[in-house]
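1. Please work out how this folds:
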Amino acid sequence: MFRHCSDQYRGIDARMHRPSKARTWRSHRTLGLPDDSQFISLGLCLAHNGAAGIWSPSALASAQLAVAELNQRDGIAGRQVRLVCINACDESSDFEDTLLRTIETHGVEALVGMHTSTVRERIVQAVGGMLPYVYTPLYEGGEVTPGVFTLGETPAQQLRPAVEWLSRHEKSKRWLFVGNDYVWPRVSHRLAKTYVEQSGGMVMNSMYFPIGTEDFSAVFDCVNNLQADAVLVSLVGHDAITFNRQFGHAGLNRRAVRLSCAIEENVLMGIGSDKSEGLYVAASYFADLQTDANLALQERFNTLHGIRAPVLNALGQSAYEGMHFLAAIFNQNLHMPEHWAHIAKRNLSYQSARGASYMGNHLKNSPIYLARANGHQFQVVTKF
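-> Residues are numbered from 1 along each chain as shown. Prediction:
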């Protein structure tokens, strides 16, 4: 059901179970299981199926690159790294009990998660504060659980400057918000409404849909009826593909620009070059960035995975950063609970193609770019 995945991608679709109220987390050491001091086992939480499953191959390949780099050196704190893959799929009914069993059985000492905020909240409820958990993608902000480290951008970093730029350069004033119905879109949209109003615009309507929605015609009727000239799209994975295909098919790309913070290169290819006109994305990473650090990352990534390598993208490479972030805190003996509060005070540096550093969940030092879709690629138009 769960296995080591440091050599190659193995799809894992585990049956999930909710823990009983009496169940508590225990480490492999307190269980008396063998402590193999040669290895450190890290859990990698990705959605291997469902709407967010499109992110998984790139994220796993990126994490595997980080592990290969670490193991070519001294591993983490002198121990070789093993990955334990965990299916963190939104559509799975319950998975907390399986997560707990996996941590115990495999001696998992830390987690890296690249999945939705809904899954993050479930993981926090199950094991929050008991082992280091690095949550890597963009998110809505506000995570304060001890031992949970967020590396991704927040709406203030992404949406505020992007909304201001579109207001000036695209004259975007009448906004419609559309997102999946969970915490990240709802919190992000509440903040974005303030940014729109501060830029002299107004939010005409906000619409939310369950993950897995196939028909977004109600949104298109709303765009026409309200004469919206900008749409903030906060949809996950395949839902973003479906929406943007239908948006382009309806001819609305000539009426309104679209802005997203979570559309990356895989989703862009799924949308298609003929449906992506007028689509903007605000993110801290794009595969085509012509920086020395990114060109070097691309070379190492392609050398490891070959011509069939998944496409690098912001969400995928965040898993790469998550592994190196864990290496940094373990190597500096900051992985125990009594040290977690000190990490943010250090402006912690870790290996990153973005040149990122960590100063706390509320503050990360990383660039933000605004890019416009150009066929199957993103063309950066400005850096904030």
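2. Show me where the stretch 151-300 of the chain has its helices.
-> Using DSSP state H, counting those that start in this stretch, the helices of the stretch 151-300 of the chain run over 155-169, 183-198, 217-226, 237-249, 265-271, 292-305.
3. To A68, which of these lies closest?
-> Evaluated with CB to CB, those place helix 292-305 nearest to A68, the distance being 5.9 Å. Using the backbone N, CA and C atoms, a C-beta is placed for each residue, glycine as well.
4. and the residue nearest to H238 when sequence neighbours are not counted, how many residues sit next to it?
-> Distances taken as CB to CB, 6 or more residues apart in numbering put A51 closest to H238, at 4.7 Å, once the chain neighbours are dropped. Close neighbours of A51, defined as other CB atoms under 10 Å, add up to 24.
5. List the contacts of A51.
-> Going by CB atoms under 8 Å, 6 or more residues apart in numbering, A51 touches 90-91, 180, 211-212, 236-239.
6. Could you check how far the nearest residue to L191 once chain neighbours are set aside is from D90?
-> Leaving aside its sequence neighbours, L191 sits nearest to P155 (CB to CB, 6+ apart; 4.4 Å). Between P155 and D90 the computed distance is 20 Å (CB to CB, to the nearest Å).
7. Check which residues of stretch 119-133 are buried.
-> Neighbour-count burial for stretch 119-133 flags 119-120, 122-124, 126-128, 130-133 (criterion: 16 or more other CB atoms under 10 Å).
8. about what we covered before: what's the separation between the residue nearest to H238 and S284?
-> 23 Å.
9. what's the answer for E143, then?
-> E143 is 17 Å from S284, by CB to CB.
10. of those two, who's got more company?
-> Using other CB under 10 Å as the criterion, E143 and S284 rank with S284 on top: 26 against 19.
11. check contacts around the residue lying closest to that one once chain neighbours are set aside.
-> Of all residues not flanking S284 in the chain, S366 sits nearest, at 4.5 Å (CB to CB, 6+ apart). When contacts are counted by CB under 8 Å, 6+ apart, S366 is found next to 153, 157, 284, 352, 354-357.
12. Which single one of the residues you listed is nearest to R79?
-> The nearest one, if we look at those relative to R79 and count by CB to CB, is S352, at 22.2 Å.
13. Could I get the contacting residues of the closest residue in space to R82 that isn't next to it in sequence?
-> Among residues not flanking R82 along the chain, S41 sits closest, at 4.7 Å (CB to CB, 6+ apart). By CB under 8 Å, 6+ apart, S41 lies in contact with 4, 82-84, 106-109.
14. PyMOL command for the buried members of those residues?
-> Buried residues within the contacts of S41, by 16+ other CB under 10 Å, are selected in PyMOL with:
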select buried, resi 82+83+84+106+107+108+109
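15. Return the item of the contacts of S41 having minimum pLDDT.
-> The member of the contacts of S41 with the lowest pLDDT is H4, at 50.
16. what's around I211, how many residues?
-> 19.
17. show me the contacts for it.
-> With CB under 8 Å, 6+ apart, I211 has these contacts: 50-51, 90-91, 180-182, 236, 239.
18. can you do 7 Å?
-> By CB atoms under 7 Å, 6 or more residues apart in numbering, the contact list for I211 reads 51, 90, 180, 236, 239.
19. gap between the first one and E140?
-> As defined by CB to CB, A51 lies at a distance of 18 Å from E140.
20. before we move on, back to that, the residue nearest to R82 belongs to a strand, doesn't it?
-> Yes: secondary structure of S41 (DSSP: H, G, I helix; E, B strand; the rest coil): part of a strand.
21. So in terms of bridging, what pairs with it?
-> Counting by DSSP bridges, S41 forms beta bridges with R82, V108.
22. Now name the helix or strand holding the residue nearest the centre of the chain.
-> Nearest to the mean C-alpha position of the chain, by CA atoms, centre = their mean, lies P137 at 2.4 Å. In this structure, P137 is located outside every helix and strand according to DSSP states H and E.
23. what's G251 in contact with, if anything?
-> Taking CB under 7 Å, 6+ apart as the test, G251 contacts no residue whatsoever.
24. same check, this time on F330
-> Here F330 is in contact with 76-77 (criterion: CB under 7 Å, 6+ apart).
25. ok, back up a step: taking the contacts of I211 together, which two end up most distant?
-> Pairwise over the contacts of I211, using CB to CB, the maximum falls at D90 and D239, 10.7 Å.
26. Break down the stretch 251-384 of the chain into its strands, ranges please.
-> 257-260, 279-283, 348-349, 357-358, 364-365, 369-374, 377-383 (DSSP state E, counting those that start in this stretch).
27. got TSV for those, with mean pLDDT and distance to H115 too?
-> Listed next are the strands of the stretch 251-384 of the chain as TSV, based on pLDDT from 0 to 100; distance: least, CB to CB, whole Å:
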stretch	mean pLDDT	distance to H115
strand 257-260	98	18
strand 279-283	98	17
strand 348-349	91	23
strand 357-358	92	20
strand 364-365	85	19
strand 369-374	97	23
strand 377-383	96	23
